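**Student:** Got a predicted structure here, sequence first:
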Amino acid sequence: MDIRRMKGWLFAAAALCCACSPKGGATAQNEVQGTEQAEERQVEGMEMMELPLPALPEGMTDTHERAAYIMEHFWDGMDFADTLRSHNQMFMEGNFVNFLSLFPHALEEALPHPVDDLLARAATDMTAFHLLTGIAEKYLAEPNSPMRNETYYILFLEGTLKVADLPEAERIRPAMQLKTAKKNRPGTKATDFTYTTREGKRQTLYGTSSGEGVLLLVFYDPECSHCNEILRQLSASLLLQELLDEGELTVLAVYTEGKRDVWKERYGELPDKWIVGIDESSIVDKELYDLPAMPIMYLLDKGKTVLLKDPDQNMLEGYLAQ
């Protein structure tokens with residue numbers, strides 16, 4: 001997956017820098033494929049090609065407009081009735097990653113239509129449609145995907161629900177996923193809940209003051225080895241320690257799995273300056289937050305508006321450093 005991601009970045013860079021002509025589009029595609037790959041590949045005994053870049057209109061120089069145009073026409077060369085391609089996992093994944101690599105270069109308002117159009121075209125063949133939506137989930141929603149992006153995945157879920165004549169049974173799961181994905185999004189108020197601290201004090205999220213600073217809410221499980229590694233990294237962060245010392249950051253770590261004995265045995269491993277609590281509101285059972293894999297972090301402002309949802313440590317520290 002990392003290789004495809006890197007190739008996608010190269011694809012986007014070449015696509016946006018190419019000359020505004022059919023010749024320029026072909027040149028960009030060749031640059032992406034590089035010297036280590038021929039333009040045509042043998043996959044399962046079948047000659048495969050990446051979809052050609054559309055030729056940009058003459059005079060189009062704005063990066064956002066170029067990205068939006070390429071996205072609108074990215075799948076023009078794809079016939080979903082051609083099952084040798086539309087049913088081929090490798091072919092569809094490779095082109096999906098190239099398509100996705102253009103998203104960061106286009107304006108937000110330009111993203112829904114190309115996604116909706118792609119899904120509507122794929123839905124003419126349900127095998128191809130299921131393959132495409134599965135690839136979107138794999139790359140954009142799975143917790144361990146390096147391309148995970150909830151904002152982009154919401155576009156695919158919304159696009160799926162817009163597909164005309166999609167059977168009702170096909171709508172149930174994406175509708176549920178969309179409802180979950182939209183919980184506690186950046187810019188919205190975080191859902192309140194009650195917890196008990198390791199000092200025995202019963203408290204609510206909204207009753208937890210972060211002064212004039214921000215609050216880092218961490219949902220964790222001490223029985224999760226990945227959780228423990230991330231928590232150690234957060235504990236060792238010089239930036240977080242500095243902000244804690246200066247009162248510009250409050251860290252609230254909440255255990256959600258309900259095993260009080262486990263929590264009590266392990267809460268001493270977390271820094272003294274952190275607020276450490278155990279959930280008293282059945283967060284998991286009531287699905288108050290989307291917790292696909294632990295740990296999950298939310299950065300909140302003093303009014304409990306979500307600033308960041310599930311950032312990695314680099315994204316978190318980059319934001320806090322500002």
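**Tutor:** Done, it's in. Numbers count the residues shown, from 1 in each chain.
**Student:** all strands of this structure, in order?
**Tutor:** Assigned by DSSP state E, the chain shows strands spanning 40-43, 46-49, 194-197, 202-204, 214-220, 249-255, 275-279, 296-300, 306-309.
**Student:** Out of these, which gets nearest to residue 69?
**Tutor:** Between residue 69 and the strands of the chain, the tightest spacing by Cβ to Cβ is seen for strand 46-49, at 21.3 Å. For the C-beta atoms, the positions are set from N, CA and C on the backbone; glycine is no exception.
**Student:** just the helices in the stretch 1-150 of the chain please.
**Tutor:** Along the stretch 1-150 of the chain, counting by DSSP state H, counting those that start in this stretch, helices occupy 2-17, 22-33, 63-73, 83-86, 89-100, 112-122, 126-140, 150-162.
**Student:** Pick out the shakiest of these, pLDDT-wise.
**Tutor:** Mean pLDDT is lowest for helix 22-33 among these, at a mean of 44.
**Student:** quick one: residue 194 and residue 281 touch, right?
**Tutor:** Yes. With contact defined as Cβ atoms under 8 Å, residue 194 reaches residue 281; the gap is 4.9 Å.
**Student:** hang on, the earlier thing: any idea which of the helices of the stretch 1-150 of the chain gets closest to residue 308?
**Tutor:** So among these, helix 150-162 is nearest, using Cβ to Cβ, at 11.3 Å.
**Student:** tilt between the closest one and helix 126-140?
**Tutor:** Angular relation of helix 150-162 and helix 126-140 on a 0 to 180 degree scale: 160 degrees, by axes from the mean of the first three to the mean of the last three Cα atoms, to 10 degrees.
**Student:** Contacts for helix 150-162 next, please.
**Tutor:** The contact list for helix 150-162, computed with Cβ atoms under 8 Å, 6 or more residues apart in numbering, reads 100, 103, 111-112, 115-116, 118-120, 133, 136-137, 140-141, 166, 170-171, 174-175, 177-178, 181-182, 185, 309-310.
**Student:** Apply 7 Å and report the result again.
**Tutor:** 103, 111-112, 115-116, 119, 133, 136, 140-141, 171, 174-175, 177-178, 181-182, 309 (Cβ atoms under 7 Å, 6 or more residues apart in numbering).
**Student:** coming back round to it: could you dump the helices of the stretch 1-150 of the chain to JSON lines with mean neighbour count?
**Tutor:** Formatted as JSON lines, those follow (neighbours: other Cβ atoms under 10 Å):
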{"stretch": "helix 2-17", "mean neighbour count": "17"}
{"stretch": "helix 22-33", "mean neighbour count": "17"}
{"stretch": "helix 63-73", "mean neighbour count": "19"}
{"stretch": "helix 83-86", "mean neighbour count": "16"}
{"stretch": "helix 89-100", "mean neighbour count": "20"}
{"stretch": "helix 112-122", "mean neighbour count": "19"}
{"stretch": "helix 126-140", "mean neighbour count": "18"}
{"stretch": "helix 150-162", "mean neighbour count": "19"}
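**Student:** want to throw those helices into JSON lines with distance to residue 229?
**Tutor:** Shown next, in JSON lines, are these (distance: least, Cβ to Cβ, whole Å):
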{"stretch": "helix 2-17", "distance to residue 229": "19"}
{"stretch": "helix 22-33", "distance to residue 229": "35"}
{"stretch": "helix 63-73", "distance to residue 229": "36"}
{"stretch": "helix 83-86", "distance to residue 229": "40"}
{"stretch": "helix 89-100", "distance to residue 229": "28"}
{"stretch": "helix 112-122", "distance to residue 229": "35"}
{"stretch": "helix 126-140", "distance to residue 229": "24"}
{"stretch": "helix 150-162", "distance to residue 229": "23"}
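**Student:** right, and those - which one's nearest residue 217?
**Tutor:** Comparing the helices of the stretch 1-150 of the chain by Cβ to Cβ, helix 150-162 comes nearest, at 16.5 Å.
**Student:** Extract the CA atoms of that closest one and return them as CSV.
**Tutor:** Only the C-alpha atoms of helix 150-162 are listed here, as CSV (Å, rounded to 0.1, in the frame of the first residue of the first chain):
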residue,chain,number,x,y,z
GLU,A,150,-12.5,10.2,6.9
THR,A,151,-13.4,13.3,5.0
TYR,A,152,-12.7,11.6,1.7
TYR,A,153,-14.5,8.4,2.8
ILE,A,154,-17.6,10.4,3.7
LEU,A,155,-17.7,11.6,0.0
PHE,A,156,-17.7,7.9,-1.1
LEU,A,157,-20.4,7.0,1.4
GLU,A,158,-22.6,9.9,0.4
GLY,A,159,-21.9,9.1,-3.3
THR,A,160,-23.0,5.5,-2.7
LEU,A,161,-26.3,6.6,-1.2
LYS,A,162,-26.9,8.9,-4.2
